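> Predicted structure and sequence below. I'll ask about it afterward.
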Amino acid sequence: MTDIPGLTPLQIGAQAPDFTLRDQNNELLTLSSFQGQKAVLMVFYPWAFTGICTGELGQIRDNIARFVNDTVQVITISVDSPYAQKIFSQRDGLNFPLLADFWPHGAVAQAYGVFNSRAGAANRGTFLVGRDGVIRFSEVKEIGVGRDPKTWMDEIDALTSD
């Protein structure tokens, strides 16, 4: 769900577009590698080192067992380079995938309908992808509006308790 004019993010029931991006360790990660094994919580954020982004990702870090376990894997995505992601992860103790949608610039954010072309970065999109590769939860907020990670935990619990 979104109330951002001109933005059409992928909705619940849509097939999640596959992608391969580099993480903060310059390793390739492919979304479909989790299919059939784990649900994936995808958290798009505009930029590393900014206040709201640091707070949201810190909440994931502080509740990591809820976001990375036998049933779910969190991945976060911004337009920052893998090198910026590395420093961000080290500075803030973020020990989960921080993916670089760096080049082609914002291509994955565009595929998910959350790229903000005026800012050149992703809006705050969150998608929960089931083991079958289908989007089960979708939310999008503007760049300056934070999200509530408790909502993500509730959605993960609802999906993985089936």
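Okay, I see it.

> Pull the contacting residues for the residue nearest to residue 16 when sequence neighbours are not counted.
In this structure, residue 16 finds its nearest non-sequential neighbour in residue 129, 4.4 Å apart by C-beta to C-beta, 6 or more residues apart in numbering. All C-beta atoms are positioned from the backbone trio N, CA, C, and that covers glycine. Contacts here follow C-beta atoms under 8 Å, 6 or more residues apart in numbering; on that basis residue 129 touches 16, 31, 34, 39, 40, 41, 42, 135, 136.

> separation between the closest residue to residue 28 other than its chain neighbours and residue 81?
Taking C-beta to C-beta, 6+ apart as the measure, residue 28 lies nearest to residue 20, with 5.4 Å between them; neighbours along the chain are not counted. Taking C-beta to C-beta, to the nearest Å as the criterion, residue 20 is separated from residue 81 by 16 Å.

> Which of these two has more residues huddled nearby?
Here residue 20 and residue 81 are compared on neighbour count by other C-beta atoms under 10 Å; more neighbours surround residue 81, at 16 against 12.

> Hmm, residue 15 and residue 133 touching each other?
Yes: Residue 133 is in contact with residue 15 according to C-beta atoms under 8 Å; the separation is 5.9 Å.

> Would you mind telling me which of these two has more residues around it?
Set side by side, residue 133 and residue 15 give different neighbour counts by other C-beta under 10 Å, the larger being at residue 133 (17 against 11).

> Quick one: the helices in the chain, in order.
Chain-ordered helices for the chain, with DSSP state H as the definition, fall at 51-62, 64-67, 82-92, 107-111, 149-160.

> Of all the ones you listed, which one is nearest residue 100?
Distances from residue 100 to each of these were compared by C-beta to C-beta, and the smallest falls on helix 82-92, at 4.4 Å.

> Quick test: name the residue nearest the centre of the protein.
Residue closest to the mean C-alpha point of the chain, counted by C-alpha atoms, centre = their mean, is residue 43 at 1.9 Å.

> Can you give me the pLDDT of that one?
In the prediction, the pLDDT value recorded for residue 43 is 98.

> Setting aside sequence neighbours, what's the nearest residue to it?
If you skip the residues right next to it in sequence, residue 43 has residue 76 as its closest partner in space, 4.6 Å away by C-beta to C-beta, 6+ apart.

> and the nearest residue to residue 57 once chain neighbours are set aside, what is it in contact with?
The spatially closest residue to residue 57, leaving aside those adjacent along the chain, is residue 94, at 5.5 Å (C-beta to C-beta, 6+ apart). Contact partners of residue 94, counting by C-beta under 8 Å, 6+ apart, are 24, 57, 58, 60, 61, 76, 88.
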